[in-house]
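Q: Attaching a predicted model along with its sequence, questions to come.
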Amino acid sequence: MMIRLTDQPFEPGSLLTGFSQGRTETGAIASFTGLARAEAGSTTTLTLEAYPGFTERAIQAIADQARTRFALQDLLILHRIGDIAPGEAIVFVATAAPHRRAAFEA
């Protein structure tokens, strides 16, 4: 399980490809990518801040609950901080589970 905050842009497709590799016992992978919106041109930059240590622990607690509740095999969460332009990815979440229902519900 990986949880990471980053101030750098990321490519969700490559994250999903990497997360999917070598999973011979995984029945399903579900992913979510959240994007920054321009709000009809009224937003040029979204700035997200995080409290180092605290933010990762809070995300970890949610991830631990999801892993237990849905019997996940693995989980990847990447969340942006800092300045984010409209159209850029803010958050990426991928879940791996033996069955698709658990992967999607998590």
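A: Nice, thanks for sending it over.
Q: Give me the longest helix you can find in the chain.
A: Longest helix in the chain by number of residues (criterion: DSSP state H): helix 54-69.
Q: Packing partners of that helix?
A: Judged by 3 or more Cβ pairs under 8 Å, 6 or more residues apart in numbering; DSSP states H and E, the packing partners of helix 54-69 are strand 2-6, strand 74-80. From N, CA and C alone the C-beta is placed, and that goes for glycine too.
Q: and the ones you listed, which is most packed in?
A: strand 74-80 (a mean of 20; mean count of other Cβ atoms under 10 Å).
Q: For the next helix or strand after it, which strands pair with it and how are they oriented?
A: Using DSSP states H and E, the helix or strand that follows strand 74-80 in sequence is strand 82-84. Sheet pairing for strand 82-84, assigned by DSSP bridges, gives strand 46-48 (antiparallel).
Q: what's in contact with the partner strand?
A: Outside strand 46-48, the residues that touch it by Cβ atoms under 8 Å, 6 or more residues apart in numbering are 36, 80, 81, 82, 83, 84, 85, 86, 90.
Q: Where neighbours are concerned, which of the residues you listed has the most?
A: For the contacts of strand 46-48, counting by other Cβ atoms under 10 Å, the largest number of neighbours falls to residue 80: 22 neighbours.
Q: hang on, isn't that one packed against residue 90?
A: Yes: if you go by Cβ atoms under 8 Å, residue 80 and residue 90 touch, sitting 5.0 Å apart.
Q: With adjacent residues omitted, what lies nearest to residue 60?
A: Leaving aside its chain neighbours, residue 60 sits nearest to residue 3 (5.6 Å; criterion: Cβ to Cβ, 6 or more residues apart in numbering).
Q: Contact partners for that neighbour?
A: Going by Cβ under 8 Å, 6+ apart, residue 3 touches 56, 59, 60, 63, 75, 77.
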